[in-house]
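*Asks:* Below is the sequence, then the predicted model.
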Amino acid sequence: NAGVTQTPKFQVLKTGQSMTLQCAQDMNHEYMSWYRQDPGMGLRLIHYSVGAGITDQGEVPNGYNVSRSTTEDFPLRLLSAAPSQTSVYFCASSKGYNEQFFGPGTRLTVL
Amino acid sequence: AQSVSQHNHHVILSEAASLELGCNYSYGGTVNLFWYVQYPGQHLQLLLKYFSGDPLVKGIKGFEAEFIKSKFSFNLRKPSVQWSDTAEYFCAAKNTGTASKLTFGTGTRLQVTL
C-alpha cells in the first residue's frame, strides 16, 4: 500500500492564480480530510469528507473547494490564491472512527 | 468550543533526560485522544492513541501517555529521550463516534541535545 499520497510536494503561485492539490489513498478509507499547518497554530481542518459524494466544511474553509467523486481521491482546489494561503497542506484518511493517516504534505507559497 | 491546549511550545532536553509534554482538552462528551509526531521535513505519524479502557497508553518508540479524565489531560511521557526524538509533537482530540473532525493543539517543538 502506498498509503496517502499528495502531489505536488512544492508549489509557488502568484496571487489570483488557481490550482488543485491532489490527494489519493489506497486503503479504502471512507473518511478523508484536508488540513493546513501554520507556525504556532498547529493543524487546522479545512474540509472533510465522510464518503464519495459527501463533503463538509471544517474550521477554515474560505477560499477552498473540495469534491469527492471516488473513495480514493479528494482534491483541494484554491479558487483564487492569496498570500494568506501560504502554508503546508496535509491530507489525511481514516477507516471508521479510527486514527487518521497523513500524507507527506504540499508546501505552497503564494506571492 | 472544542479546543486542545499544549502549554509547552519549545522544550530543550539533554539525551537521557525524562520527558513530559502537557496536553489539556476542552470537549463536551467522551473523547478520543492522540499524540502525533512530526520529524523534520516529514509528515505526521501516530505515536499513540486513547479510545477507552486502561488510561495509561503505551505507544511506539518508548512513549506513553496517561489519560486523566478529572484533569482533562493527556500528557505524553518518555523516561529517557534520544537525540532522534527531536521533532514536533502534536496532541489531538475528537469526539467519540466521529472521524474527520480532529482538533489539534499548537504543537511542542522538542530539541534533544547530545
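*Replies:* Perfect, thanks for sending it. Only a predicted model underlies this, so the values are computations on that prediction, with no experimental measurement involved.
*Asks:* Quick one: list the elements packing against the strand of greatest length in chain A.
*Replies:* As assigned by DSSP state E, the longest strand anywhere in chain A is strand A:42-51. Applying 3 or more CB pairs under 8 Å, 6 or more residues apart in numbering or on different chains; DSSP states H and E, one finds that strand A:42-51 contacts strand A:31-38, strand A:54-57, strand A:64-66, strand B:87-95, strand B:103-104. (Each C-beta comes from the backbone N, C-alpha and C, glycine too.)
*Asks:* What is the second one packed up against?
*Replies:* Under the contact criterion of 3+ CB pairs under 8 Å, 6+ apart, strand A:54-57 touches strand A:42-51.
*Asks:* can you list contacts of stretch B:1-16?
*Replies:* A:40, A:42, B:19, B:21-28, B:80-83, B:89-93, B:95, B:103-114 (CB atoms under 8 Å, 6 or more residues apart in numbering or on different chains).
*Asks:* nearest to residue A:100, of the helices and strands packed on strand A:42-51?
*Replies:* Counting by CB to CB, residue A:100 lies closest to strand A:31-38 out of these; the figure is 6.7 Å.
*Asks:* Just the buried positions in that closest one, please.
*Replies:* By 16 or more other CB atoms under 10 Å in any protein chain shown, the buried positions in strand A:31-38 come out as A:31-37.
*Asks:* Mean confidence (pLDDT) on it, please.
*Replies:* Predicted confidence along strand A:31-38 averages 96 (mean pLDDT).
*Asks:* before we move on, what about stretch B:107-114?
*Replies:* According to the model, stretch B:107-114 has a mean pLDDT of 96.
*Asks:* any bit of it sitting next to chain A?
*Replies:* Yes: residues of stretch B:107-114 contacting chain A under CB under 8 Å from any CB of the partner chain: residue B:107.
*Asks:* Please spell out which residues along that stretch are buried.
*Replies:* B:107-108, B:110, B:112.
*Asks:* before we move on, what about stretch A:83-90?
*Replies:* Under 16+ other CB under 10 Å, the buried positions of stretch A:83-90 are A:85-87, A:89-90.
*Asks:* Keeping just the C-alphas, turn it into PDB.
*Replies:* Extracted in PDB, the C-alpha atoms of stretch A:83-90 (Å, rounded to 0.1, in the frame of the first residue of the first chain):
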ATOM      1  CA  PRO A  83      -0.700  35.200   0.300                       C
ATOM      2  CA  SER A  84      -2.700  34.200   3.400                       C
ATOM      3  CA  GLN A  85      -2.900  30.700   1.900                       C
ATOM      4  CA  THR A  86       0.800  30.200   2.000                       C
ATOM      5  CA  SER A  87       1.000  27.100   4.200                       C
ATOM      6  CA  VAL A  88       1.800  23.400   4.300                       C
ATOM      7  CA  TYR A  89      -1.200  21.300   3.400                       C
ATOM      8  CA  PHE A  90      -1.800  17.800   4.600                       C
END
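*Asks:* what sits up against that stretch?
*Replies:* A:6, A:15, A:21, A:34-38, A:43, A:46, A:63, A:76, A:78, A:102-103, A:105-111, B:43-44.
*Asks:* Could you turn the buried ones of the residues you listed into a PyMOL selection?
*Replies:* Only the buried entries of those go into this PyMOL selection, using 16+ other CB under 10 Å:
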select buried, (chain A and resi 6+21+34+35+36+37+43+46+76+78+102+103+105+106+108+110) or (chain B and resi 43+44)
